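Q: 3D, please:
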Amino acid sequence: MSDSRNAPETPRPAAPAAPVPGEHLAPAPAPGAGASFPRARGKGEPRFPDGPQADPAGSHFERRIRSFQPRRSRVTAGQADALQRLWPKWGLDIDGQRVIDLAELFGNSGPVVLEIGFGMGEATARMAAADPGTNILAVDVHTPGQGNLLNLADQAGLSNVRVGNGDAIILLREMLLPDSLDGLRVYFPDPWPKKRHHKRRLIQPEFLDLAASRIRPGGIVHCATDWEPYAEQMLKVLTAHPGFENTRPGGGFAPRPDFRPLTRFEGQGLDKGHVVNDLLFRRVQQHHPQPPTGA
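A: Next up is the predicted model:
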């Protein structure tokens, strides 16, 4: 609340608001010209009309415990522009209503690796640039990260990246054919550290049943985490699963492979003394799992 006793006799003009980083300000209208303002988004209208849907699968599928929690944060002008321009070309809403032809999605018949949870997409873009012969289907629910990865791919001229929006379980179970993937990457998933939340962790036996049904024999599952208790659980369930074998002679964790970039987030964790563990397991030939229902 303002105090009129301290108000100056002659009001001074208000200082212009400082620009928000990443946003472009429109030029000021000429004197006497009417200023135009963008129309406010109406209730129920999509945030990005040509971009990712807010809830692509809607209520078509059963409610279950999820391993992810959507985060809302500010989308920069560059990310919003990328979402509007590139989503129709490189984006995929995971609605669970159709089976995807991956060769059609990428425009080639090259190998496809699914990456679940890519953050802001820097590591994904670097891996795609270093291995242009491998297609990466990167899935996340974080809108700024989706826009950032699209922007990075566009700037680097990458044609082997597609961005999925929604629940990776629905993608695997409803939209991908058996043996259609050449690999799976899960880097730094939410560790859900509290014991009562461990059921939310992604790497569980039921998830591995589903993943094994979609990864061709010889395909690699590559996980990495800086949360040691979660790393131990990952190692335990992957080692016990009949559909996978450890690529590490003698078992245990693997050294970080050269193709996985050291991210800024990971570097900060290492500076704090965190231990990062990588796990690389191969899909074996003799296992023929049936995809579970309600995974």
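
Q: Tell me where the protein has strands.
A: Counting by DSSP state E, one finds strands in the chain at the ranges 91-93, 112-116, 135-140, 161-165, 181-187, 215-225, 244-246, 277-283.

Q: so which of those gets nearest residue 74?
A: Smallest distance to residue 74 across these (C-beta to C-beta): 16.3 Å, for strand 135-140. C-beta: built from backbone N, CA, C; applies to glycine.

Q: Show the end-to-end separation of stretch 102-115, please.
A: 14 Å (C-alpha to C-alpha, to the nearest Å).

Q: meant to ask about stretch 154-162, not that
A: Separation of the first and last residues of stretch 154-162 by C-alpha to C-alpha is 11 Å.

Q: Please point out which parts of that stretch sit buried.
A: Judged by neighbour count (16 or more other C-beta atoms under 10 Å), stretch 154-162 contains these buried residues: 154, 158, 160, 161, 162.

Q: unless I'm mixing things up, the second one is touching residue 125, no?
A: This points to residue 158. Yes: using C-beta atoms under 8 Å, residue 158 is in contact with residue 125, at 6.7 Å.

Q: Quick check: neighbours shared by these two?
A: Both residue 158 and residue 125 are in contact with residue 152, where contact means C-beta atoms under 8 Å, 6 or more residues apart in numbering.

Q: need the helix or strand of this structure with the lowest average pLDDT.
A: Least confident helix or strand, the chain: helix 264-271 with a mean of 85, by mean pLDDT, DSSP states H and E.

Q: Run the chain-centre distance for it.
A: Offset of helix 264-271 from its chain centre (C-alpha atoms, centre = their mean, to the nearest Å): 19 Å.

Q: That helix relative to strand 181-187, how many degrees between them?
A: Interaxial angle, helix 264-271 versus strand 181-187 (axes from the mean of the first three to the mean of the last three C-alpha atoms, to 10 degrees): 50 degrees.

Q: how big is the angle separating helix 264-271 from strand 215-225?
A: Going by the same axes, to 10 degrees, helix 264-271 makes 50 degrees with strand 215-225.

Q: Just the CA trace of helix 264-271, in PDB.
A: Extracted as PDB, the C-alpha positions of helix 264-271 are listed here (Å, rounded to 0.1, in the frame of the first residue of the first chain):
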ATOM      1  CA  ARG A 264      27.300 -29.300 -16.500                       C
ATOM      2  CA  PHE A 265      24.900 -30.800 -13.900                       C
ATOM      3  CA  GLU A 266      27.100 -33.800 -13.600                       C
ATOM      4  CA  GLY A 267      30.200 -31.700 -13.300                       C
ATOM      5  CA  GLN A 268      28.600 -29.800 -10.400                       C
ATOM      6  CA  GLY A 269      27.800 -33.000  -8.700                       C
ATOM      7  CA  LEU A 270      31.300 -34.300  -9.100                       C
ATOM      8  CA  ASP A 271      32.700 -31.100  -7.600                       C
END
